[in-house]
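Asker: Quick one: sequence plus predicted model below, questions after.
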Amino acid sequence: MANKYNCEKCSKKGVYTYIDKHFCENHFLEIVEKTVRRNFRKYKIQKNEDLRIDGSLAKYFVDKVLTMPYKISKKDSARVITEITLDDLDVAFLDNILNNSSNVLFNEKFINIFENLPSSVINDFCKIKNISFTKKVSKLEKDLSLLESKYPGTKNSLFKCVKQLGELK
Ligand SMILES: [Zn+2]
């Protein structure tokens, strides 16, 4: 399908979508990396902290973003740099409400560096960078993506609710 949008930041074609904005490849990579960098800062990783790393994409960003020394650990007490996306968090939240289950994705041990990035964005990023990232998509997640296509921003709004409720606890 031909894309009629230009990049938000330059005059190139906006081939990639980030939330409801369009970006060329370079600017798309830039905005994803900037977001992940900001997320890393929120979690305040300590110098020489024991860390577990969830997969090759998480490892890619640890190598790229984390400037301080850290220790790869298998200890249960170590925090985990996860590949949990915005969709995962939204779906877990909805699943908890709709099915009265207790999916725990907000765990103080989790460093969710993709917490505000939709899976579609992460998938595109990995395709461009040739990093393997596979995730099975649940029915609920498909429905959520359908909602997102009708009402851009749904996933992010839901995430804000999740965060606010988390803070109330
Ligand atoms: Zn651009």
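Answerer: Okay, I see it. Numbering: from 1, shown residues only.

Asker: where does the chain have low pLDDT?
Answerer: For the chain, the stretches with pLDDT under 70 are 1-3, 103-106, 136, 166-169.

Asker: Could you identify the longest helix within it?
Answerer: Using DSSP state H to define each element, the chain has its longest helix at helix 25-42.

Asker: what about that helix and the ion, any contact?
Answerer: Yes. In terms of C-beta under 5 Å from the ion, part of helix 25-42 sits within range of the ion, namely residue 27. For every residue, glycine as well, the C-beta is placed using N, CA and C.

Asker: residues making contact with that helix?
Answerer: Identification of contacts with helix 25-42 by C-beta atoms under 8 Å, 6 or more residues apart in numbering yields 7-10, 12, 15-16, 18, 23, 61, 64-66, 111-117, 121-122, 124-125, 128-129.

Asker: Provide a ChimeraX selection command restricted to the buried entries of those.
Answerer: If you want just the buried ones from the contacts of helix 25-42 in ChimeraX, going by 16 or more other C-beta atoms under 10 Å, the selection is:
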select :7,9,16,18,23,61,65,111,112,113,114,115,116,117,121,122,124,125
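
Asker: which ones among the contacts of helix 25-42 come in contact with the ion?
Answerer: Counting by C-beta under 5 Å from the ion, 7, 9-10, 12 from the contacts of helix 25-42 sit close to the ion.

Asker: Now the two most distant members of these.
Answerer: The largest separation in these, counting by C-beta to C-beta, is between 9 and 12 at 8.9 Å.

Asker: who touches both of these two?
Answerer: 24, 27.

Asker: Identify the spatial nearest neighbour of the residue positioned nearest the centre of the chain, chain neighbours not counted.
Answerer: Centroid-nearest residue in the chain: residue 114, 2.2 Å away (criterion: C-alpha atoms, centre = their mean). Among residues not flanking residue 114 along the chain, residue 85 sits closest, at 4.7 Å (C-beta to C-beta, 6 or more residues apart in numbering).
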